[in-house]
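Colleague: After the sequence you'll find the predicted model.
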Amino acid sequence: MPRGRKPKVPRPSDLIVQQPKATIKQTVKAKEIVQTIIDSGEYDIHENKVYDTPLLVDPEVAIGFTSLSQNVKDAILEERVKQDFTDWDVKINDKIEYFDPTLSYELTGYRPVDEVRGLDFDPTWFTPSKDTKLRTGKYCTDSGKRYTDFWKEEFRRCNNGYISHGYRITGDNYFFLNYYRLKDVADVEVAGKGRITGFPSFYSKQYEYFHYIDVCEHLKKDIIALKSRGVGFSEIGACLGVRMYSTVRESRVIYSAYTDRFLDDVLDKCWEQLEFLNTDTEGGMRHLRQKYNSQLHKKASMLNKQSEESGFKSEIVGIVADLPRKLRGGRGDRVFNFKGHMGLIAGKPWELNILNLVSNN
């Protein structure tokens, strides 16, 4: 040090690491991430299990979030509380003798959506993945950790349901709207020109039916449905098996009918969906089928050189049950029994379908 020069004493402000000032783009991005977390139904922004606290992990978003005033942060959290619905007609501990779609149920988060109730309901709240797929051609355009987090969250929504703006749809309903494909018969202009395959539209009666299934699962009850033909409920039946196969490890779904024709109808729908999920989800819901991959049995698993099995190990099995004994020992997480044509009601053919749940099999 040169003679006569005093050593420089650092000022307190020099010891503080200055946070970079957030740009408008970073602040907007932070708000978008916060809103995404709010719509997911998660409560604590700073301890969000699903997104692995992206506000703290992603430097760009973290900078944007620190720029938000405390009033804005409080308002965001307060909005989450406002969106929560608490005035349930049937409380979680109330006895449920039957499902009344005009009442709200705390057990599954069901709220009526019809001509007089749920008029603020917007189906687009529950189709973010479908909308991204239609807009970009992909479900997820990210890679690395963001890719993993995206599919982790999608599996959670498909298994546990999705809450937004105080409404909840079941996991099966979320999967049906975002990952199931069916033929569009509404927009056919000329007969014989073929039908376009697309995503289902939202229908309140289907929303009710999915919640009815969810109620039965919570109460450990089996399900019986008498339905008209051609109203889309066989597609829902296929979706209930495909969703479990795709998102629940080691699950087993059984479809049965007393003739090949009735069984093939639903299995063909299932296999078509599995091909779509294998080829069009960027690997997110892709499952190899190396051990069982026949018309009546498909299993998500791999075989090594020693023929040892590993992998997701979920499966869908079809059984032609022309004799009752053929179903003996047929246990699964969901067992569907398609009884087929039951006669004409009001001039329309009706079918009887039964869904046995794991607790009663």
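Modeller: Perfect, thanks for sending it. Numbers count the residues shown, from 1 in each chain.

Colleague: Now do the domain split for this protein, please.
Modeller: As given by automatic domain parsing, the domain ranges for the chain are 19-84, 88-202, 220-361.

Colleague: In terms of mean pLDDT, which of these ranks lowest?
Modeller: Lowest mean pLDDT within those: domain 19-84, at a mean of 53.

Colleague: Which residue ranges of the stretch 51-200 of the chain form helices?
Modeller: 54-57, 59-66, 70-83, 128-136, 144-160, 171-179 (DSSP state H, counting those that start in this stretch).

Colleague: Ignore what I typed, I meant the stretch 251-361 of the chain.
Modeller: Under the criterion DSSP H, counting those that start in this stretch, the stretch 251-361 of the chain carries helices at the ranges 260-280.

Colleague: buried sites along stretch 253-260?
Modeller: For stretch 253-260, the neighbour count (16 or more other Cβ atoms under 10 Å) marks 253-258 as buried. Every residue, glycine included, has its C-beta placed from N, CA and C.

Colleague: Other residues contacting that stretch?
Modeller: Applying Cβ atoms under 8 Å, 6 or more residues apart in numbering, the contact partners of stretch 253-260 are 240-241, 244-245, 263, 266-267, 270, 315-322, 326-327, 330-340.

Colleague: now do stretch 165-174
Modeller: 39, 41, 83-85, 108-111, 113, 118, 120-122, 125-126, 157-162, 177, 206-207, 210-211, 213-214, 236, 239-240, 243, 247.

Colleague: next one: stretch 103-121
Modeller: Stretch 103-121 is contacted by residues 85, 87-92, 96, 99, 101-102, 161, 163, 165-168, 170, 204, 207-208, 211, 214-215, 218 when judged by Cβ under 8 Å, 6+ apart.

Colleague: Now which of these would you call buried?
Modeller: Among the contacts of stretch 103-121, those buried by neighbour count (16+ other Cβ under 10 Å) are 88, 90, 99, 101, 161, 163, 165-168, 170, 204, 207-208, 211, 214-215.

Colleague: right, and the secondary structure at Tyr212 would be what?
Modeller: With DSSP: H, G, I helix; E, B strand; the rest coil as the basis, Tyr212 sits in helix.

Colleague: and if you look at Leu240?
Modeller: helix.

Colleague: sorry, back to before: and the contacts of stretch 165-174, which are buried?
Modeller: In these, the ones that pass as buried (16+ other Cβ under 10 Å) are 39, 41, 108-111, 113, 118, 121, 126, 157-159, 161-162, 177, 206-207, 210-211, 213-214, 236, 239-240, 243, 247.

Colleague: In strands, which of the buried ones among the contacts of stretch 103-121 fall?
Modeller: Secondary structure defined by DSSP state E assigns 163, 167-168 of the buried ones among the contacts of stretch 103-121 to strands.

Colleague: pretty sure Cys158 contacts Tyr245?
Modeller: No - with contact defined as Cβ atoms under 8 Å, Cys158 does not count as touching Tyr245 (11.3 Å).

Colleague: Now for the closest residue to Tyr292 other than its chain neighbours, how many residues are close by?
Modeller: Nearest residue to Tyr292, sequence neighbours excluded (Cβ to Cβ, 6 or more residues apart in numbering): Lys299, at 4.1 Å. Residues near Lys299, counting by other Cβ atoms under 10 Å, number 22.

Colleague: So what pairs up with Met302 in the strands?
Modeller: Beta-bridge partners for Met302, by DSSP bridges, are Ser310.

Colleague: start the count at 44, not 1, going forward
Modeller: Got it, the first residue is 44 from now on, which makes the last one we talked about Met345.

Colleague: My read is that it contacts Gly354, right?
Modeller: Yes - if you go by Cβ under 8 Å, Met345 and Gly354 touch, sitting 4.6 Å apart.

Colleague: what residues do those two have in common as contacts?
Modeller: With Cβ under 8 Å, 6+ apart, Met345 and Gly354 have common neighbours Leu331.

Colleague: Now Tyr288: closest residue in space that isn't a chain neighbour?
Modeller: Nearest one to Tyr288, counting by Cβ to Cβ, 6+ apart, is Ser357 at 4.6 Å.

Colleague: residue contacts, the one you found?
Modeller: Counted by Cβ under 8 Å, 6+ apart, Ser357 has contacts 287-289, 291-295, 330, 342-343.

Colleague: If we use 10 Å, what do you get?
Modeller: The neighbourhood of Ser357, defined by Cβ atoms under 10 Å, 6 or more residues apart in numbering, consists of 284, 287-296, 330, 341-344, 376.

Colleague: Next step: the residues you listed restricted to strands.
Modeller: 295-296, 341-342.

Colleague: Right, I'll call it a day here.
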